[in-house]
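>>> build me a structure from this.
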Amino acid sequence: MLKSLIPSRLVTIVSDAVRSVVSPASLMTEVEAPAVTAPDPAGLYEADEIPPVADIEAAAAAFDTAAQQARAGDRGKRAAKKILDRLPAGRYGSWLVTRTVSNRQTADLDKIRAIFKAHGLGPVPMKSSAPSLKVERLAEVPAAAPVLAAA
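Numbers count the residues shown, from 1 in each chain. Next up is the predicted model:
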C-alpha cells in the first residue's frame, strides 16, 4: 500500500542511493572498452636484426620494474605534495619550502579557439600524442608459441 503512494521514480532513486552506499559495485555495468592498438612506428628492427628472446625478456622485465617504481614514486610525491602545497614558504626543520616561477609554457587553447572562431578558421587542428609502449608478463607461454606474431 505504501508503495502505491510513492511514485516509482522516487523508489528507484532512493533504492539506487541506498545501494550506492551499501554495495556500490551493484550499480556498475561492465562495458568492455575496445582495444585500440597503434600501428608500429618507423625504424623497427628488420627480421634479421631482432635480438635474442632472452635479451627482449630482460629488457621487458627491466621496463616493467622501472614503470612500477615510477608509479610508486609518483604516488609518494602526490601524497607528500598534498601537505607541502598548503604550506607558506619558509624553513621547516632542516627543509626549506619555496616556490619558483616555471619557465615551462603551454599553448592557451581557449585563446587559440577564440582567434580561430573570430577569423572563421574552423576547429583548432589537433594531433594525437605518440603511442605508449606497454609490456605485460604473460601467465604462461605455450612451448609451441611463436616468438613473433605475423604482421
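
>>> the helices in this structure, which residues?
Taking DSSP state H as the criterion, the chain contains helices spanning 2-5, 8-22, 53-84, 109-118.

>>> give me the number of residues near Val135?
13 (other C-beta atoms under 10 Å). Heads up, the C-betas are built off the backbone N, CA and C, glycines and all.

>>> wait, what's in contact with it?
With contacts taken as C-beta atoms under 8 Å, 6 or more residues apart in numbering, Val135 has the following neighbours: 60, 63-64.

>>> that one and Ala62: what is the separation?
As for Val135, its distance to Ala62 is 10 Å (criterion: C-beta to C-beta, to the nearest Å).

>>> same deal with Lys117?
Going from Lys117 to Ala62 by C-beta to C-beta gives 48 Å.

>>> what's the answer for Glu136, then?
14 Å.

>>> these two - which one has more neighbours?
Between Glu136 and Ala62, Ala62 has the larger neighbour count (other C-beta under 10 Å), namely 11 against 7.

>>> pLDDT at the more buried one, what is it?
At Ala62, the pLDDT value in this model is 96.

>>> what of Tyr45?
Residue-level confidence at Tyr45 comes out at 92, pLDDT.

>>> and for the nearest residue to it once chain neighbours are set aside, the neighbour number?
Once flanking residues are discounted, Tyr45 sits nearest to Pro51: 7.6 Å by C-beta to C-beta, 6 or more residues apart in numbering. Taking other C-beta under 10 Å as the criterion, the count of residues near Pro51 is 10.

>>> got phi/psi on Pro51?
For Pro51, the backbone dihedrals are phi -60, psi 170 (criterion: degrees, to the nearest 10).

>>> check the gap between it and Arg71 for me.
For Pro51, the distance to Arg71 (C-beta to C-beta) stands at 27 Å.

>>> same deal with Pro39?
Spatial separation of Pro39 from Arg71 under the definition C-beta to C-beta is 27 Å.

>>> neighbour-wise, which of these two wins?
When Pro39 and Arg71 are compared for neighbours, Arg71 comes out ahead with 10 against 6, by other C-beta under 10 Å.

>>> just the pLDDT at the more buried one, thanks.
Arg71 carries a pLDDT value of 95.

>>> so who does it touch?
In this structure, Arg71 makes contact with no residue, judged by C-beta under 8 Å, 6+ apart.

>>> about what we covered before: adding distance to Arg91 and neighbour count, write the contacts of Val135 out as TSV.
Rendered in TSV, the data for the contacts of Val135 read as follows (distance: C-beta to C-beta, whole Å; neighbours: other C-beta atoms under 10 Å):
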residue	distance to Arg91	neighbour count
Ala60	45	13
Phe63	40	13
Asp64	40	14
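
>>> cool, thanks, signing off.
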